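K.L.:
just need the structure, nothing else, for what follows:
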Amino acid sequence: MSRIRPATPADLSALGTALAPLPLFQAYQLTASALTQRFESALQRGEGLLLAEHEGAPVGVCWFIARGAFASGAYLRTLAIREGLQSQGLGAELLRGYESGSNNPPGGWFLLASDFNAGAHRFYERYGYREVGRLPGFAAPGVTERIYWKPRPAAG
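P.N.:
Predicted coordinates:
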């Protein structure tokens, strides 16, 4: 059984441990301890931090800032699911949590996806995000971040 819920401080060490082996975090040399510290800081700042739980254990995260892009768009910092549980709908549930948890931002929804993460590109495009630019070397030398945006639906 899986569910999505707000993360708590008690979840963060197990969450960091579950996600640190992912190629995404390995590429940026982020250890379980470093991830745990980042998640703790996010909670302390009041940023959105959703947890995917499977059989009682943390297995995924959605970290976002409701007005973190150009002061009008929501920014998805991280969406990740533990190896072996990907492609089972948890990512889609977390993405829905990001979109609904950012309260319909006037500038829409933004995120960055590493150039080497083709699975992420397909995933976000499936849910209406489109690539609008690139940032070479932004997060790490030799890695280009693709900027994705999903505009807010037109009123009408």
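
K.L.:
show the subsequent helix or strand relative to the top strand by length along the chain.
P.N.:
Ranked by number of residues, the top strand in the chain under DSSP state E is strand 57-69. Per DSSP states H and E, the first helix or strand lying C-terminal to strand 57-69 is strand 73-81.

K.L.:
next, the angle from that following strand to strand 57-69.
P.N.:
Interaxial angle, strand 73-81 versus strand 57-69 (axes from the mean of the first three to the mean of the last three C-alpha atoms, to 10 degrees): 160 degrees.

K.L.:
who are the packing partners of strand 73-81?
P.N.:
Under the contact criterion of 3 or more C-beta pairs under 8 Å, 6 or more residues apart in numbering; DSSP states H and E, strand 73-81 touches strand 57-69, helix 90-101, strand 109-114. Every C-beta, even on glycine, is put in place using the N, C-alpha and C of the backbone.

K.L.:
between the longest one and helix 90-101, how big is the angle?
P.N.:
Interaxial angle, strand 57-69 versus helix 90-101 (the same axes, to 10 degrees): 40 degrees.

K.L.:
could you give me the buried positions within strand 57-69?
P.N.:
Residues of strand 57-69 classed as buried: 58, 59, 60, 61, 62, 63, 64, 65, 66, 68, 69 (neighbour count, 16 or more other C-beta atoms under 10 Å).

K.L.:
residues touching residue 63, list them.
P.N.:
For residue 63, the contact set (C-beta atoms under 8 Å, 6 or more residues apart in numbering) comprises 38, 39, 42, 47, 48, 49, 50, 76, 77, 78, 79.

K.L.:
if we can go back for a sec, got the buried residues of strand 57-69 as JSON lines, with distance to residue 86 columns?
P.N.:
Compiled in JSON lines, the buried residues of strand 57-69 are given as follows (distance: C-beta to C-beta, whole Å):
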{"residue": "58", "distance to residue 86": "15"}
{"residue": "59", "distance to residue 86": "10"}
{"residue": "60", "distance to residue 86": "9"}
{"residue": "61", "distance to residue 86": "13"}
{"residue": "62", "distance to residue 86": "14"}
{"residue": "63", "distance to residue 86": "17"}
{"residue": "64", "distance to residue 86": "19"}
{"residue": "65", "distance to residue 86": "24"}
{"residue": "66", "distance to residue 86": "26"}
{"residue": "68", "distance to residue 86": "25"}
{"residue": "69", "distance to residue 86": "25"}
